[in-house]
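Peer 1: Whatever this is, show me its structure:
(one chain, ligands or ions: 1)
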Amino acid sequence: MLCLKWITTVPDQLRPNLSVRYVYAMLLLGPLPDHLRPIVQRLIVEARAKHSGADDEFLGYLLCGGPGGSNYLDEAGEVWTWTCGADGLDENVERIPDGPRKIGSIAIAALRVRELVEWLPRRPSTATDCGVCKSTGWLQPPLPLLLCSECFGLGWLVPNGAR
Ligand SMILES: [Zn+2]
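Peer 2: Below you'll find the model as predicted:
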């Protein structure tokens, strides 16, 4: 079962920093759906096999990454981010809490593993198309291929106050 949850309150200290009028309804992924667990398990097994012999810690299936950082999915459905300083030192690993950043990581990986789309929040009837990315989930040319920071790769937005 897909989990669609909304956070409808924003702490006062965050309100001055909110530039997106839709942010009051923050989407969450919820737990990894049971029917996707075997698929994630397979991804983890394959990733672990490729990782064998490596010196660094195994964090899970690579969802997305770039210079200085990568996000990984573990068997429990948690997403972990590994970052590294510009000098190649100062490595850090931390769990990404449920919310837009985790959704974006899963949305990127869903381009390769289509089943992961089923974990993403479903578009509610009150949602509107995202004008920034033209409902694609990706920034539009001439901008580089980057996940849309307005809709976090979903292609739609939830009106302010939606439940
Ligand atoms: Zn968008």
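Peer 1: From here on, just use CA atoms for contacts and neighbour counts.
Peer 2: Fine.
Peer 1: Apart from its neighbours in sequence, what residue is nearest Leu120?
Peer 2: What sits nearest to Leu120 in space, not counting adjacent residues and going by Cα to Cα, 6 or more residues apart in numbering, is Leu29, at 6.1 Å.
Peer 1: oh sorry, the question was meant for Asp129
Peer 2: Once flanking residues are discounted, Asp129 sits nearest to Trp156: 4.5 Å by Cα to Cα, 6+ apart.
Peer 1: What is the neighbour count of that neighbour?
Peer 2: The number of residues packed near Trp156 is 24, by other Cα atoms under 10 Å.
Peer 1: Compute the distance between it and the ion, please.
Peer 2: In this view, Trp156 and the ion are 6 Å apart by Cα to the ion, to the nearest Å.
Peer 1: who in the chain is up against the ion?
Peer 2: Proximity of the chain to the ion, by Cα under 5 Å from the ion, involves residues Cys130, Cys133, Gly137, Cys148, Glu150, Cys151, Gly155.
Peer 1: Name the member of those residues that has the highest neighbour count.
Peer 2: Neighbours here mean other Cα under 10 Å. Within those, the largest count is held by Cys151, at 27 neighbours.
Peer 1: Looking at the residues of the chain next to the ion, which are in helices?
Peer 2: Counting by DSSP state H, the residues of the chain next to the ion place none of their members in helices.
Peer 1: mind listing the strands for the chain?
Peer 2: For the chain, the strands defined by DSSP state E cover 5-7, 26-28, 61-66, 69-73, 79-83, 92-96, 128-129, 156-157.
Peer 1: Which of those strands sits closest to Ala110?
Peer 2: strand 61-66 (8.6 Å; Cα to Cα).
Peer 1: What are the structural domain limits within the protein?
Peer 2: The chain breaks down into these structural domains: 1-29+121-163, 30-119 (assignment by automatic domain parsing).
Peer 1: who's in contact with Pro124?
Peer 2: Counting by Cα atoms under 8 Å, 6 or more residues apart in numbering, Pro124 touches Val158.
Peer 1: Any regions of this protein where pLDDT drops low?
Peer 2: Across the chain, the ranges flagged by pLDDT under 70 are 1-26, 160-163.
Peer 1: State the distance from the residue nearest to Asp129 to Gly66.
Peer 2: For Trp156, the distance to Gly66 (Cα to Cα, to the nearest Å) stands at 25 Å.
Peer 1: again with Pro124
Peer 2: Per Cα to Cα, Pro124 is found 32 Å from Gly66.
Peer 1: Could you report the distance from the residue located most distally from the centre of the chain to Leu145?
Peer 2: The C-alpha centroid of the chain is most remote from Gly53, which lies 28.4 Å away (Cα atoms, centre = their mean). Look at Gly53 and Leu145: by Cα to Cα, they are 33 Å apart.
Peer 1: Thanks again, I'm all set now.
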